[in-house]
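1. Model the structure of this input:
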Amino acid sequence: MPEGIFSVIAAFLNEIGLPVEIGDIREDTFLPGIHPVSGVLRVDLDKLRWPGDLLHEGGHLALLTPDQRRQTHGDVGDDGGDEMGAIAWSYAAAVHLQLDPAIVFHPGGYRGGSAAILANFASGQPLGVPILLWRGLCQSADYPRMIRWLRL
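-> Below you'll find the predicted structure:
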């Protein structure tokens, strides 16, 4: 795993108020090496396969209210709208950090649909932006620029 990419992502998440904590994870996790607990993204570097997954999980937490973030434990939910919003959020974060979006939308994720997701964003047909608008995080004309990174 490229340490530099992880460091850039972790620093960004910490800066916007989504703490990243490095430590052992013994629980089964949805994404290898990442366990969201009480609004903190716990990361086991020995198990983390794709550093871009950290941006995606950060996107899920960012879409929650502060109370909902504090109540998370492992599973960030299975709401389809929130999934689309997390996709849009993590793409915007990658662009903001000047990272290749393929770091987030890697071949090992998105049930084989990462190439299609990247193609949508590249063609100007981004997914999930209405969720970000609804949550007050961006304005459609300025996307992928964000007004704020966390839902209030």
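2. measure stretch 103-110 end to end?
-> 12 Å (CA to CA, to the nearest Å).
3. chain center to it: distance?
-> Counting by CA atoms, centre = their mean, to the nearest Å, stretch 103-110 is centred 12 Å from the centre of its parent chain.
4. go on, stretch 87-105?
-> Distance of stretch 87-105 from the chain centroid (CA atoms, centre = their mean) equals 8 Å.
5. For that stretch, buried residues please.
-> Residues of stretch 87-105 classed as buried by neighbour count (16 or more other CB atoms under 10 Å): 87-95, 99, 101, 103-105. C-beta here means a position set from N, CA and C on the backbone, and glycine is covered the same way.
6. what about this structure, any weak spots by pLDDT?
-> 1-3, 77 (pLDDT under 70).
7. now the strands for the protein?
-> Remark: strands assigned in the chain by DSSP state E are 20-22, 34-37, 40-43.
8. Return the alpha-carbon coordinates of the second one using CSV.
-> What that stands for is strand 34-37. Extracted as CSV, the C-alpha positions of strand 34-37 are listed here (Å, rounded to 0.1, in the frame of the first residue of the first chain):
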residue,chain,number,x,y,z
ILE,A,34,-11.4,-0.1,8.1
HIS,A,35,-13.7,-0.1,11.1
PRO,A,36,-15.9,3.0,11.7
VAL,A,37,-16.6,3.4,15.5
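9. Tell me the buried residues in that strand?
-> Quick answer for strand 34-37 (16+ other CB under 10 Å): 34-36.
10. can you give me the helices in the protein?
-> With DSSP state H as the criterion, the chain has helices at 3-16, 52-62, 66-70, 80-96, 114-122, 129-134.
11. Check those for me and report the most buried one.
-> The highest mean neighbour count among these, using mean count of other CB atoms under 10 Å, belongs to helix 52-62: a mean of 26.
12. any idea how far Pro101 is from Ser140?
-> Plainly put, Pro101 is 19 Å away from Ser140 if you go by CB to CB, to the nearest Å.
13. got it, and Ala94?
-> 19 Å.
14. One more: Ser123?
-> Distance of Ser123 to Ser140, computed by CB to CB: 16 Å.
15. now do Leu127
-> Distance from Leu127 to Ser140, by CB to CB: 13 Å.
16. what does Ser90 give?
-> On the measure of CB to CB, Ser90 and Ser140 end up 18 Å apart.
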